[in-house]
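Engineer: build me a structure from this.
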Amino acid sequence: MGGRPVVQVVRLGLVSYQEALKQQQAYVNLTRSGSAHALLLCQHPPVYTTGIRHKPYPPAQLDRLRLLGADVHRTNRGGLITFHGPGQLVCYPVLNLSSFQKSVRWYVGALEETILSLCSGFGIRASTSPHTGVWVGDNKICAIGIHCGHWVTSHGLALNCNTDLSWFRHIVPCGVPGKGVTSLSAELQRDVGVDETVPHLLHAFRERFCCRLTDGPPPGSGQTDGPPPGSGQTDGPPPGSGQTDGPPPGSGQTDEPPPGSGQTDGPPPGSGQTDGPPPGSGQTDGPPPGSGQHRGE
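Structural biologist: The predicted structure is shown next:
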């Protein structure tokens, strides 16, 4: 007993949204059966996705988005509509929260803290707000929308690296009017791609979730149980530092909600804002086993 949970890092590359859903479901099934947790990293071809926090969008509106050259998919995550495309680092953690902290509010806050740490590493002053996700001023740099059933998570976060932000002009991103979007590249005034960003994400995730990271099986290998212990470690040092280990086991780091974690409760019902828990759910500490909780982008 004891020690840090092991999380497989699975690099899917550029994959369709539908294929990523299939991969997530496969790892959800494995995680529920007791296999290692997984962290799926990928990019998507242009696609608009809608969450469960809204009645179905008018077909004419969806057709207009398809005419732009993007796919459109309805999902079971929280939140409203957002965009995924090349240059955006999409991260789908498939974790059994029983190994971390059985609280959806804690989990969403921990994802936000992970991205705050990443942005800080790049010299970007980011923050959270009552709108779930991570922001630079009034511009969202990272969207978060998750699903949790039987304490196993799916969906996750989308961090704009060098994304073509013009795709967001055709929607109200995550249903928050009057706000904009930004990217690492836009903030730093240089090209910051997904490949450069991944090591920063892995370091921040490992630190915040107090876990060990290992290389998962390559896509299409048919292997989903991950490598034997000790192989292909991706724990590695943080970018640009000599540090080789995460927080010590038993640090208690993952048992404490992040500072200001109450901010992930989302807007009050009826406010018209779309982030946070479903209006009227009254649930902040996670779902009972067997339920399907969603947190919005």
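Engineer: how are the helices of the stretch 101-250 of the chain distributed by residue range?
Structural biologist: Assigned by DSSP state H, counting those that start in this stretch, the stretch 101-250 of the chain shows helices spanning 104-121, 184-188, 194-209.
Engineer: and of the ones you listed, who's closest to residue 45?
Structural biologist: helix 194-209 (13.8 Å; C-beta to C-beta). C-beta coordinates here come from the backbone N, C-alpha and C atoms, glycine included.
Engineer: quick one: average confidence on that closest one?
Structural biologist: The average pLDDT for helix 194-209 rounds to 98.
Engineer: do the same with stretch 13-28
Structural biologist: 96.
Engineer: ok, and for it, which residues are buried?
Structural biologist: 15, 17, 20-21, 23-24, 27-28 (16 or more other C-beta atoms under 10 Å).
Engineer: any chance of CSV for those residues, columns secondary structure and distance to residue 126?
Structural biologist: As requested, those are exported to CSV (DSSP: H, G, I helix; E, B strand; the rest coil; distance: C-beta to C-beta, whole Å):
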residue, secondary structure, distance to residue 126
15, coil, 27
17, helix, 26
20, helix, 25
21, helix, 28
23, helix, 28
24, helix, 26
27, helix, 28
28, helix, 29
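Engineer: which one of those residues is nearest residue 72?
Structural biologist: So of the buried residues of stretch 13-28, ranked by how close each gets to residue 72 (C-beta to C-beta), first place is residue 17, at 9.4 Å.
Engineer: mind listing what the closest residue to that closest one other than its chain neighbours touches?
Structural biologist: Nearest residue to residue 17, sequence neighbours excluded (C-beta to C-beta, 6 or more residues apart in numbering): residue 47, at 4.7 Å. With contact set as C-beta atoms under 8 Å, 6 or more residues apart in numbering, residue 47 has these partners: 16-17, 70-73, 83-85.
Engineer: show me what residue 47 is bridged to.
Structural biologist: Beta bridges link residue 47 to residue 71, residue 84, judged by DSSP bridges.
Engineer: relative to residue 191, how far out is it?
Structural biologist: Residue 47 is 23 Å from residue 191, where distance means C-beta to C-beta, to the nearest Å.
Engineer: same thing with residue 150?
Structural biologist: 41 Å.
Engineer: just say which of the helices of the stretch 101-250 of the chain is most tucked in.
Structural biologist: helix 104-121 (a mean of 24; mean count of other C-beta atoms under 10 Å).
Engineer: pull the CA atoms of that one into PDB?
Structural biologist: Extracted in PDB, the C-alpha atoms of helix 104-121 (Å, rounded to 0.1, in the frame of the first residue of the first chain):
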ATOM      1  CA  VAL A 104     -15.500  16.100  -8.700                       C
ATOM      2  CA  ARG A 105     -15.100  19.600  -7.500                       C
ATOM      3  CA  TRP A 106     -11.500  18.800  -6.300                       C
ATOM      4  CA  TYR A 107     -10.800  17.100  -9.600                       C
ATOM      5  CA  VAL A 108     -11.800  20.100 -11.700                       C
ATOM      6  CA  GLY A 109      -9.900  22.400  -9.400                       C
ATOM      7  CA  ALA A 110      -6.800  20.100  -9.700                       C
ATOM      8  CA  LEU A 111      -7.000  20.300 -13.500                       C
ATOM      9  CA  GLU A 112      -7.200  24.100 -13.300                       C
ATOM     10  CA  GLU A 113      -4.300  24.200 -11.000                       C
ATOM     11  CA  THR A 114      -2.300  22.000 -13.400                       C
ATOM     12  CA  ILE A 115      -2.800  24.500 -16.200                       C
ATOM     13  CA  LEU A 116      -2.100  27.500 -13.900                       C
ATOM     14  CA  SER A 117       1.200  25.900 -13.100                       C
ATOM     15  CA  LEU A 118       2.000  25.200 -16.800                       C
ATOM     16  CA  CYS A 119       1.200  28.800 -17.700                       C
ATOM     17  CA  SER A 120       3.400  30.100 -14.900                       C
ATOM     18  CA  GLY A 121       6.200  28.000 -16.300                       C
END
